[in-house]
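K.L.:
Fold the following, please.
(chains A, B, C, D and E)
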Amino acid sequence: MDLATIIGLVLGIALILGSISIGGSLLPFVNIPSMMIVLGGSFAALLINSPMSQVIGLFSVLKNCFVAKLPETNAVIQQFTDLARSARRDGLLSLENEMETINDPFLKRGLEMVIGGNSRDELTSVLETEIICIEQRHENGRKILEAIAAAAPAFGMIGTLIGLVQMLRTLEDPSQIGVGMATALLTTLYGAVIANLFCIPLAGKLETRSKDEALVRELMMSGLSSLVDGLAPRVVQERMAAFVSESKRPVTPTQAA
Amino acid sequence: MDLATIIGLVLGIALILGSISIGGSLLPFVNIPSMMIVLGGSFAALLINSPMSQVIGLFSVLKNCFVAKLPETNAVIQQFTDLARSARRDGLLSLENEMETINDPFLKRGLEMVIGGNSRDELTSVLETEIICIEQRHENGRKILEAIAAAAPAFGMIGTLIGLVQMLRTLEDPSQIGVGMATALLTTLYGAVIANLFCIPLAGKLETRSKDEALVRELMMSGLSSLVDGLAPRVVQERMAAFVSESKRPVTPTQAA
Amino acid sequence: MDLATIIGLVLGIALILGSISIGGSLLPFVNIPSMMIVLGGSFAALLINSPMSQVIGLFSVLKNCFVAKLPETNAVIQQFTDLARSARRDGLLSLENEMETINDPFLKRGLEMVIGGNSRDELTSVLETEIICIEQRHENGRKILEAIAAAAPAFGMIGTLIGLVQMLRTLEDPSQIGVGMATALLTTLYGAVIANLFCIPLAGKLETRSKDEALVRELMMSGLSSLVDGLAPRVVQERMAAFVSESKRPVTPTQAA
Amino acid sequence: MDLATIIGLVLGIALILGSISIGGSLLPFVNIPSMMIVLGGSFAALLINSPMSQVIGLFSVLKNCFVAKLPETNAVIQQFTDLARSARRDGLLSLENEMETINDPFLKRGLEMVIGGNSRDELTSVLETEIICIEQRHENGRKILEAIAAAAPAFGMIGTLIGLVQMLRTLEDPSQIGVGMATALLTTLYGAVIANLFCIPLAGKLETRSKDEALVRELMMSGLSSLVDGLAPRVVQERMAAFVSESKRPVTPTQAA
Amino acid sequence: MDLATIIGLVLGIALILGSISIGGSLLPFVNIPSMMIVLGGSFAALLINSPMSQVIGLFSVLKNCFVAKLPETNAVIQQFTDLARSARRDGLLSLENEMETINDPFLKRGLEMVIGGNSRDELTSVLETEIICIEQRHENGRKILEAIAAAAPAFGMIGTLIGLVQMLRTLEDPSQIGVGMATALLTTLYGAVIANLFCIPLAGKLETRSKDEALVRELMMSGLSSLVDGLAPRVVQERMAAFVSESKRPVTPTQAA
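P.N.:
Next up is the predicted model:
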């Protein structure tokens, strides 16, 4: 669970609702037609803008903003050090026994290829394509969020313009001016909240997640290559540690010297 | 047919018209002079901005946002695997018989060159120029859409400023203030809708399409080169599969191993 | 003549004047002090921003937006094929006779160097510097147009702020509020028209022209090098055709094969 | 201490408070709910946008804007010239005695590796990773400041829109219009001050600091490598001087010649 | 003297003052507290943003926008042709006599190195660092101008918001509304003038100057290297001419051929 995302969303929504409640009732801020033009309009623009498959894929990508299912880099290094030890002692085929304990599909697939006797080049080529695909999915998700972040305020403005034109044509009833203008402004408010509380921050987190996942996948790829090369556990550990920033690395004898 | 584009456009227009209807009549939102200044002004700016040939070419490029005539990558790979099998069995000239079943002009042209005995370099050079031309056309189309997306709101603002100046000079008749201002705002509304519902999303789709088409064309070029090289069907399939992301690839014995 | 530029400018100006006329008299929209602050202010900013020589050079560059004096690529290829034939038959010096028929100064200069017996490297070095200078001039022109496109709306806003401050200080005479505000908005209107109808689109056309001219000049340079190398007419044609996109190339026997 | 940062902050705050005081009381400008929506909303967006660890790390990075703890480049060059002299005279191990006088943890660590007999490659690899980590931390800090600089005005606008809608719905009491609108504008004011007085300038200083620190660290790394190579003091000085711009270099005999 | 900069500044200021005078008195446009918040606020932001040394360095860099002290490229080429002739005839040491006639410190320093017998590499390395330092100073100056160009309108808006809030809280005295709002708008006006008449155009000129100076310095460096190499005057001239665009080059026999 990525608590920061959830706390941020809850806090942001609570602050906006709270800020409205302090000044009066929440009711005047709920306007279904206004919501429809902002949400619906942004969705319509999104359908025109992006291929259907990417729009549908957005939701599975968004999960990454809430669920932190990535293994820790140090755990991955440890895991590969252990795998290298087993492989050294009992041969690559003995890794078959470890397969059951591995849930990560990327790692599972890579290990299957290692056990299946694939060459280092075959392994690297398949896994690299896989990593590029993961990054592409994240990139698509971010682009869609950014498209909504641009469309929502625009449709908010369109809604406000429609409301203003209607209000201005009925100026003869001055008691309705305020209410008309208030309603007209609601779409701008909705657009601003959608863009600034949801889309822009979520796109930012998706970018961080994408970088983190790419790092872990490359770390795993480096470990799997080391297994194919039959390296000693200590060498595997050192090679993989090069991917991790100094302060997060496990202490090794060499560096403590 | 690209349903998403059509659904998006219909949905967006329906939402805007519906949102207007809820608040009153559609009639005050139709103003021919206002439309003329926004549409005509954007068109005038476009004529100054871009060469006539590109403006005319826009419409044929826009078709790509609505019609999805690209063959599936897996179908293309299958097709080339079959062609390679025929070529192996009966020689390159036998491919002449397949020509009738091929509608895609790019593929047709390439196959003609293969059968005509052109070298790999000749083939690649001609087809690469062709791919660059296709991308150039899409790029030009996108640039024009982006130019309109920038010009329309600007001319919307110009129209609103003209309307405001006229309204402000006749303040003595207060009953007309609202109507004058409402009319003045219409051009801003038109400009915002043109940019945000039409031009920006269509430019986005054009970009995706352009990338997709470039991929398919490069896939075909790789297949045609393989035919010239006289590769075995299985090798052709493997080589072409490298262009396609893992999850979309057809299952091959190697990868299932 | 570049008709599109002229039609665009006439259409844009006509639409704006027409749109004003529909709503009343043109007279209130003509305000000399307002024009002075927008035009003069933008010009002042331009003088500070760019070296005097570039500001003066702008006008000769702007001509390129209106006059299409570039030769067609196919005509250039044909011309060089003919020149290569003459040179083959009667020697390079015989090209002296063709000099009179050539108006393009770039081509004339290059041909003089070819006849004068300069080496390929000398020729290329001189002409490349020339091409870079042409591109630099266009680039400078575009930058100046973009600087005006940014300055004009800014000085429009400055003028409007000055007018608003003056109007707000004399609120006691309510009959003048509207007129004062209308006049204040004129500078914003002027700035928007200067930027969006003139500077931004002209800068766009200048960019296209610059690319087109660079292509033709490089085509000529390739042709002149071929003359120095004493290539056969057919080879000259093929070499030069590589610069032109497939669909615009003249049909040659090779490609029809 | 970075006096400029502190003077700038004090001056900016004093000017804003002074400017308010001249026009009346400070009290109407303090509004807790308005502060909550701008500060809280920006913080919520930040939590969604960035990983928790980076948000927490911001404060330690911000210190760099206030405290100038970097050693002078010339002092560093002098220090290494002295160290090289000691090492030449008494061997690398004698540097152990100098360790106590060194406070900088980066330099301390590097020197420990030099004394410990690490090779030049080991040294460089460890220190380069360290430098990249420092830059990454600064970069993260800057990104967070820029995210707040974008979020604060947005939540300022959201707060103003909420206030406007509430004010417009209670137009019947005209005496409250002004106060309502004044309060609504406060959030926009808070957002503008947070972005333009705090976040944007601090992000700018962080960037300068980051460049300066990277330069000093690279200078130290060059000096440490020279120690490992056992270079003469004069050569160490010359090599390190290459990192420093001419005007800041210490005068050396060669250059005075 | 760079007349364009001075004419532009005088013209711009005259137009703004003139435009104010036409509409009434200049007096209401002078407001010390408003000036303080815009100028002082921008200065405060600048202090936080940039290191003190760069802020102080700005003034010496700004001089370059007003004073055109760069020698003409053709004069530099002529000068080096003469120097090369002297050096050929009387040896490098004879150049000592020419030193008195040279004022440019960069050239003086380079010539001293040439006479002092430095190698080409030593010369190039020292002068290149010098050129990079000059460019760095200009770049810093431009960045500071751009930072003010961004800060001034922001503090203008902050000032206007403060004024608006104060004005809105005293709506009960309607006679003061206009004056209050007029005063509030002054800070926006100041910010717009500072950014658009001063900072943005001066930053533009600084960029042009920086490019021009870099070119002249590289030209000088090429000439100095030629002196070290002991080249013939004619060769020196040709080599240096390569730095200058065709149309500005002095006519040489080769090119007239």
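K.L.:
from here on, contacts and neighbour counts on C-alpha atoms
P.N.:
Noted.
K.L.:
Chain D contacts on the stretch 1-150 of chain A?
P.N.:
Applying CA under 8 Å from any CA of the partner chain, we find that the stretch 1-150 of chain A lies next to chain D at A:4-9, A:11-12, A:15-16, A:19-20, A:23-24.
K.L.:
change it to 7 Å
P.N.:
Within reach of chain D by CA under 7 Å from any CA of the partner chain, the stretch 1-150 of chain A has these residues: A:4-5, A:8-9, A:11-12, A:15-16, A:19-20, A:23.
K.L.:
For ChimeraX, write the selection for the buried entries among the residues you listed.
P.N.:
Entered in ChimeraX, the line below selects the buried ones among these, by 16 or more other CA atoms under 10 Å in any protein chain shown:
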select /A:4,5,8,9,11,12,15,16,19,20
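K.L.:
can you narrow the residues of the stretch 1-150 of chain A next to chain D to ones near chain E?
P.N.:
Within these, nothing lies near chain E by CA under 7 Å from any CA.
K.L.:
what's the burial count for residue A:173?
P.N.:
9 (other CA atoms under 10 Å in any protein chain shown).
K.L.:
now it: how far from chain C?
P.N.:
Applying CA to the nearest CA, to the nearest Å, one obtains 22 Å for the distance of residue A:173 from chain C.
K.L.:
nearest residue to the residue of the stretch 1-150 of chain A found nearest chain C other than its sequence neighbours?
P.N.:
Closest contact between the stretch 1-150 of chain A and chain C, by CA to the nearest CA, is at residue A:150 (22.1 Å). Using CA to CA, 6 or more residues apart in numbering or on different chains and skipping the chain neighbours, the partner closest in space to residue A:150 is residue A:195 (7.2 Å).
K.L.:
who touches the one you found in this structure?
P.N.:
A:149, A:152-153 (CA atoms under 7 Å, 6 or more residues apart in numbering or on different chains).
K.L.:
wait, what's in contact with residue A:42?
P.N.:
Per CA under 7 Å, 6+ apart, neighbours of residue A:42: A:148, A:151-152, A:155.
K.L.:
From the centroid of chain A, which residue is nearest?
P.N.:
Centroid check for chain A by CA atoms, centre = their mean gives residue A:206 as the closest residue, at 3.0 Å.
K.L.:
Over to that residue. Which of the three states is it?
P.N.:
Three-state assignment for residue A:206 (DSSP: H, G, I helix; E, B strand; the rest coil): helix.
K.L.:
Relative to chain C, how far out is the residue nearest to residue A:150?
P.N.:
Relative to chain C, and taking CA to the nearest CA, residue A:195 is found at 27 Å.
K.L.:
Could I get the pLDDT score of that residue?
P.N.:
pLDDT, residue A:195: 97.
K.L.:
Quick check: it vs residue A:152, distance?
P.N.:
6 Å (CA to CA, to the nearest Å).
K.L.:
how about the residue lying closest to residue A:227 once chain neighbours are set aside, what does it touch?
P.N.:
Nearest residue to residue A:227, sequence neighbours excluded (CA to CA, 6+ apart): residue A:84, at 6.1 Å. For residue A:84, the contacting residues are A:227, A:232-233, by CA under 7 Å, 6+ apart.
K.L.:
which stretch of helix or strand covers residue A:84?
P.N.:
Residue A:84 is part of helix A:73-90 when elements are defined by DSSP states H and E.
K.L.:
list the buried ones in that helix?
P.N.:
A:73-74, A:76-78, A:80-88.
K.L.:
can you redo these as JSON lines with distance to residue E:103?
P.N.:
Shown next, in JSON lines, are those (distance: CA to CA, whole Å):
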{"residue": "A:73", "distance to residue E:103": "62"}
{"residue": "A:74", "distance to residue E:103": "64"}
{"residue": "A:76", "distance to residue E:103": "66"}
{"residue": "A:77", "distance to residue E:103": "65"}
{"residue": "A:78", "distance to residue E:103": "68"}
{"residue": "A:80", "distance to residue E:103": "69"}
{"residue": "A:81", "distance to residue E:103": "69"}
{"residue": "A:82", "distance to residue E:103": "72"}
{"residue": "A:83", "distance to residue E:103": "73"}
{"residue": "A:84", "distance to residue E:103": "71"}
{"residue": "A:85", "distance to residue E:103": "74"}
{"residue": "A:86", "distance to residue E:103": "77"}
{"residue": "A:87", "distance to residue E:103": "75"}
{"residue": "A:88", "distance to residue E:103": "75"}
